[in-house]
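J.: fold the following.
(one chain, ligands or ions: 1)
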Amino acid sequence: MPPPILCVSVCNLSARNCHNILPAAITSLWTAQNLFTQSLILLPLNPFLSVTAEYGVCENLRKLEITGVSCRDVYAKLLHRYRHILGLWQPDIGPYGGLLNVVVDGLFIIGWMYLPPHDPHVDDPMRFKPLFRIHLMERKSATVECMYGHKGPHNGHIQIVKKDEFSTKCNQTDHHRMSGGRQEEFRTWLREEWGRTLEDIFHEHMQELILMKFIYTSQYDNCLTYRRIYLPPSSPDDLLKPGLFKGTYGSHGLEIVMLSFHGKKAKGTKITGDPNIPAGQQTVEIDLAHPIQLPDIENLRNFNELSRIVLEVQEQVRREQQEEEEEGQDEEEGRSRQGDSQQAEQPAQKDDAGAEGTEAAGAAAAQESAPTSQPFVLPVGVISRNEDYPRTCRMCFYGTGLIAGHGFTSPERTPGIFILFDDDRFGFIWLELKSFSLYSRIKVSFQNAEAPSREAFDEMLKNIQSMTT
Ligand SMILES: [Zn+2]
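T.: Just a heads-up that it's a prediction; the model follows:
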């Protein structure tokens, strides 16, 4: 709907509806960027205020009226100026990463940090807290406030560095300090971030990891640089809907992973990370061309049997890759003999695309012929953070999982099994670690997070990966 028409329909709504629709209306108005300038010219000087006068109570509009801020000011000083920071972002905070969603909410722009639920409750909803807000109040320019800490909003600053990057700064970091000093700050963080007490973690192996994260992340004091991330593009052929998931990562707790599809491969990219595998890295890769038929339920308990099946597929994949490489070399030699590499390259590319198409179709066929549901149980000896995992699954595929030492040393892709449980859950068995990760979909509809193109999405994945290597 073009802005002027939308504006007219807002004016015709009842006061109650108006309250519900206004934030959405404002967002639609100014995300239609091409029409933005046009709307400024075509809008009546103060259309929203006339709504107030006619229909009475409408909180946001009353605020506007009381503070004497015109609709034009809201556009020009708030929405137009800060429209580029709407959407999904990942903070640059060492290996840890994070997920920030910047949205319009009434007359505010708010940066919400999304946190996974407490470990190991992977099916619980995401938690969120505001890190900053921007609004127009008495002053005639937009005010940025830092929301970090427990003493309420205070003076902050936002700098839009370039198109897909901005940074936040707190001008009053004393507002983050607590009267009980570092110990109270740590206890509070522990309760909020992990749902634990100091006594809880005293005997646990993970206490070092927890303490390290606190020391590392709290030194930033909400002075962070953010890089834009997009939600993965989807296609009707995808095995399941791509998107964001919460996953269990042993002592590291729950982490946020983005699942995306790339031809015959699916990738799980870390949006949050840890000192072993940092945010931005590809934690799991699923080989959709190599489905795995699980043994029946009795034999599934036997880890060695499962291990044998997976290693067989690994060997097969290795052979196929070798053959492909050899074929590639043959083609290259043929090409150089022809002496016209330009012309020979194009049919070769077409062949590649054809092969990919066939294999993807193969995976789809396997999907159709596979039983809709089969019993599932973890092999004896495989450690799971959560005993409450699904006991039936739809399909399994061969895959690899990335493991590394502290500080991302000696990273290595190791064999594993991807298990599709249902539309919203999947799992991964890390063969070498003898451990299991359970992933559950993040059911939040993030606004302004669509990738403008598949190329832009691929480019984004590459960028966030290179940040930590
Ligand atoms: Zn602050």
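
J.: other SSEs contacting the strand or helix carrying R182?
T.: Here R182 sits within helix 181-194, counting by DSSP states H and E. Where contact means 3 or more Cβ pairs under 8 Å, 6 or more residues apart in numbering; DSSP states H and E, helix 181-194 is packed against helix 198-201, helix 207-218. (Glycine included, C-beta is placed from N, CA and C.)

J.: show me which residues of the stretch 101-250 of the chain are close to the ion?
T.: For the stretch 101-250 of the chain, the contact set with the ion under Cβ under 5 Å from the ion comprises 146, 148, 170.

J.: for the spatially closest residue to I419 that is not a sequence neighbour, list the residues it contacts.
T.: Closest residue in space to I419, ignoring its immediate chain neighbours: G427 at 4.3 Å, by Cβ to Cβ, 6 or more residues apart in numbering. Under the criterion of Cβ atoms under 8 Å, 6 or more residues apart in numbering, the neighbours of G427 are 389-390, 393, 418-419, 421, 436-439.

J.: so which of the residues of the stretch 101-250 of the chain next to the ion wins on neighbours?
T.: C146 (28 neighbours; other Cβ atoms under 10 Å).

J.: per-residue confidence for the closest residue to that one other than its chain neighbours?
T.: Of all residues not flanking C146 in the chain, G156 sits nearest, at 3.4 Å (Cβ to Cβ, 6+ apart). Per-residue pLDDT puts G156 at 97.

J.: quick check: phi and psi on G156?
T.: phi -140, psi -180 (degrees, to the nearest 10).

J.: same question for I134.
T.: Torsion angles, degrees, to the nearest 10, at I134: phi -130, psi 130.

J.: go on, R227?
T.: Per-residue torsions, R227: phi -120, psi 140 (degrees, to the nearest 10).

J.: isn't it up against D164?
T.: Yes: counting by Cβ atoms under 8 Å, R227 touches D164, with 6.3 Å between them.

J.: and F457, what is it in contact with?
T.: 230, 232-233, 260, 451.

J.: okay if I get those residues as JSON lines plus neighbour count?
T.: Shown next, in JSON lines, are these (neighbours: other Cβ atoms under 10 Å):
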{"residue": "Y230", "neighbour count": "23"}
{"residue": "P232", "neighbour count": "25"}
{"residue": "P233", "neighbour count": "17"}
{"residue": "S260", "neighbour count": "23"}
{"residue": "A451", "neighbour count": "19"}
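
J.: can you tell me what sits against stretch 224-232?
T.: So stretch 224-232 is contacted by 87-93, 99-100, 161, 164-168, 242-244, 258-261, 271, 446, 449-452, 456-457, 460, 463-464, 467 (Cβ under 8 Å, 6+ apart).

J.: share the number of residues neighbouring the nearest residue to K163 once chain neighbours are set aside, please.
T.: In space, and not counting its chain neighbours, K163 is closest to H84: 6.9 Å by Cβ to Cβ, 6+ apart. H84 is flanked by 16 other residues according to other Cβ under 10 Å.

J.: again with L231
T.: 18.

J.: swap in the one 4 residues further on?
T.: A total of 8 residues lie near S235 under the criterion other Cβ under 10 Å.

J.: in the stretch 251-400 of the chain, which residue sits closest to the ion?
T.: T272 (21.7 Å; Cβ to the ion).

J.: again, but for the stretch 201-350 of the chain
T.: Counting by Cβ to the ion, the stretch 201-350 of the chain gets nearest the ion through N222, at 5.0 Å.

J.: surely that residue touches K129?
T.: No: N222 is beyond contact range of K129, at 11.3 Å (criterion: Cβ under 8 Å).

J.: still on that earlier bit, ok, now which ones touch the residue nearest to C146?
T.: Counting by Cβ under 8 Å, 6+ apart, the residues that G156 touches are 132, 144-146, 168-172, 222.

J.: who wins for most neighbours among those?
T.: C146 (28 neighbours).

J.: I'd guessed it sits against H175; true?
T.: Yes: between C146 and H175 there is a contact at 7.2 Å, judged by Cβ under 8 Å.

J.: can you list residues touching both of these two?
T.: Shared between the contact lists of C146 and H175 (criterion: Cβ under 8 Å, 6+ apart) are residues H154.

J.: can you give me the strands in the stretch 251-400 of the chain?
T.: 254-262, 265-270, 282-291, 374-375, 383-384, 392-393, 395-405 (DSSP state E, counting those that start in this stretch).

J.: can you lay out those as JSON lines showing distance to the ion?
T.: Listed next are the strands of the stretch 251-400 of the chain as JSON lines, based on distance: least, Cβ to the ion, whole Å:
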{"stretch": "strand 254-262", "distance to the ion": "24"}
{"stretch": "strand 265-270", "distance to the ion": "27"}
{"stretch": "strand 282-291", "distance to the ion": "32"}
{"stretch": "strand 374-375", "distance to the ion": "52"}
{"stretch": "strand 383-384", "distance to the ion": "39"}
{"stretch": "strand 392-393", "distance to the ion": "46"}
{"stretch": "strand 395-405", "distance to the ion": "34"}
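
J.: okay if I get those as JSON lines plus mean pLDDT?
T.: Shown next, in JSON lines, are the strands of the stretch 251-400 of the chain (pLDDT from 0 to 100):
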{"stretch": "strand 254-262", "mean pLDDT": "98"}
{"stretch": "strand 265-270", "mean pLDDT": "98"}
{"stretch": "strand 282-291", "mean pLDDT": "98"}
{"stretch": "strand 374-375", "mean pLDDT": "94"}
{"stretch": "strand 383-384", "mean pLDDT": "95"}
{"stretch": "strand 392-393", "mean pLDDT": "96"}
{"stretch": "strand 395-405", "mean pLDDT": "98"}
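
J.: and of these, who's closest to H203?
T.: strand 383-384 (18.0 Å; Cβ to Cβ).

J.: make CSV out of the contacts of G156 and add pLDDT.
T.: Putting the contacts of G156 into CSV (pLDDT from 0 to 100) gives the following:
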residue, pLDDT
F132, 98
V144, 96
E145, 97
C146, 98
T168, 98
K169, 97
C170, 98
N171, 97
Q172, 97
N222, 97
